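K.L.:
build me a structure from this.
(one chain, ligands or ions: 3)
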Amino acid sequence: MDLSKVDYDALKKELEKRLSAQRYYHSLCVMDEAIRLAERYGADTEKAKLAGLLHDITKNMTDADQLKLFDVNRIELSDLERSSPKLYHAISGAWVIEHELNIDDSDIINAVRYHTTAREGMSALEKILYLADFISADRDYDGVCELRSAAYDDFNEAIAEAMAFTIKELVDKNAQIHPDTVAAWNCEIAAKLRKAGKL
Ligand code: DGI
Ligand code: FE
Ligand code: FE
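P.N.:
Numbers count the residues shown, from 1 in each chain. Ligands and ions are numbered 1, 2, ... in the order given. From the prediction side, this is the model:
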């Protein structure tokens, strides 16, 4: 697909239909942040824009409707995924942008697919979306300002901090941690240790 010919007005209308006003605003903020991060780190700004705008496209679908989508389209979920509804929208969102919006760029599809759990060996675009989702203008949790400046200062350090934040929150909530999240964390820590000559 030709990314320079994407009809953003039509896509935004589609998103407004699917999302609450708050979630739509979040999507616009993540889009802006993803573009800025892509500019800062020399990644593809068009892909970042599209991935940022669309990443939460199915966030307001009911759990039941998403489970139906998985079933009808033979998308297999692990037991952990099935029992963690917060993870559904990344899986269903990736499917919807590929099969309903006809986005054929695998990097964009994977960025949406892994924006919640992260995964081992993420591409630059996948990392940009993961981080943009954490530091977008609409976010206001404790520590977001520090993470925002870290994101533009030391990309990989900011990714590791965002992952640590998520993992700590999951532990505090007694939630299950997805194996992709654990693998992503180990991958980032190994890179840090390697850089410091400790591995
Ligand atoms: O969709 P957003 O709210 O913008 O953000 P997101 O897609 O990063 O989703 C955040 C939620 O996902 C948050 O409630 C924690 C949850 N989550 C992230 N990683 C994992 C997880 N939940 C489980 N059970 N396991 C994970 O590894
Ligand atoms: Fe999300
Ligand atoms: Fe999001």
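K.L.:
OK, contacts around the closest residue to S83 other than its chain neighbours?
P.N.:
Ranked by C-beta to C-beta, 6 or more residues apart in numbering and with sequence neighbours excluded, the top spatial neighbour of S83 is Q176, at 7.1 Å. Where C-beta positions appear, they are placed from N, C-alpha and C, glycine not excepted. Contacts were defined as C-beta atoms under 8 Å, 6 or more residues apart in numbering; by that measure Q176 touches 80, 83-84, 170.
K.L.:
of the residues you listed, which belong to helices?
P.N.:
Secondary structure from DSSP state H places 80, 170 of these in helices.
K.L.:
which of the contacts of Q176 has the largest number of neighbours?
P.N.:
Counting neighbours by other C-beta atoms under 10 Å, S84 leads these with 18 neighbours.
K.L.:
wait, that one touches H178, no?
P.N.:
Yes. A contact is recorded between S84 and H178 when judged using C-beta atoms under 8 Å, the distance being 7.2 Å.
K.L.:
can you name the helix or strand that the residue nearest the centre of the chain falls in?
P.N.:
Within the chain, the residue whose C-alpha comes closest to the C-alpha centroid is H115; the distance, by C-alpha atoms, centre = their mean, is 2.1 Å. Applying DSSP states H and E as the criterion places H115 outside every helix and strand.
K.L.:
that one and A10, how far apart?
P.N.:
To A10, H115 is 22 Å away according to C-beta to C-beta, to the nearest Å.
K.L.:
do L77 as well
P.N.:
31 Å.
K.L.:
likewise for A64?
P.N.:
As for A64, its distance to A10 is 28 Å (criterion: C-beta to C-beta).
K.L.:
now swap in N60 and tell me
P.N.:
19 Å.
K.L.:
for A191, same thing?
P.N.:
As defined by C-beta to C-beta, A191 lies at a distance of 39 Å from A10.
K.L.:
which one's more surrounded, the two?
P.N.:
For the pair A191 and A10, the greater number of neighbours falls to A191 (14 against 10), based on other C-beta under 10 Å.
K.L.:
ok, and the closest non-adjacent residue to that one?
P.N.:
Residue nearest to A191 in three dimensions, not counting chain neighbours: N156, with 6.4 Å by C-beta to C-beta, 6+ apart.
K.L.:
contacting residues for that neighbour?
P.N.:
188, 191-192.
K.L.:
and it, what element?
P.N.:
Under DSSP H and E, the secondary-structure element containing N156 is helix 155-172.
K.L.:
how about G93, secondary structure?
P.N.:
Under the three-state scheme (DSSP: H, G, I helix; E, B strand; the rest coil), the conformation of G93 reads as helix.
K.L.:
give me the neighbour count for it.
P.N.:
23.
K.L.:
and it, how far from L15?
P.N.:
According to C-beta to C-beta, G93 stands 11 Å off from L15.
K.L.:
list residues touching both of these two?
P.N.:
With contacts defined as C-beta under 8 Å, 6+ apart, the residues shared by G93 and L15 are 54, 57.
K.L.:
now do the same contact list for I135.
P.N.:
Contact criterion C-beta under 8 Å, 6+ apart gives 33, 144, 147-148, 151, 158 as the residues in contact with I135.
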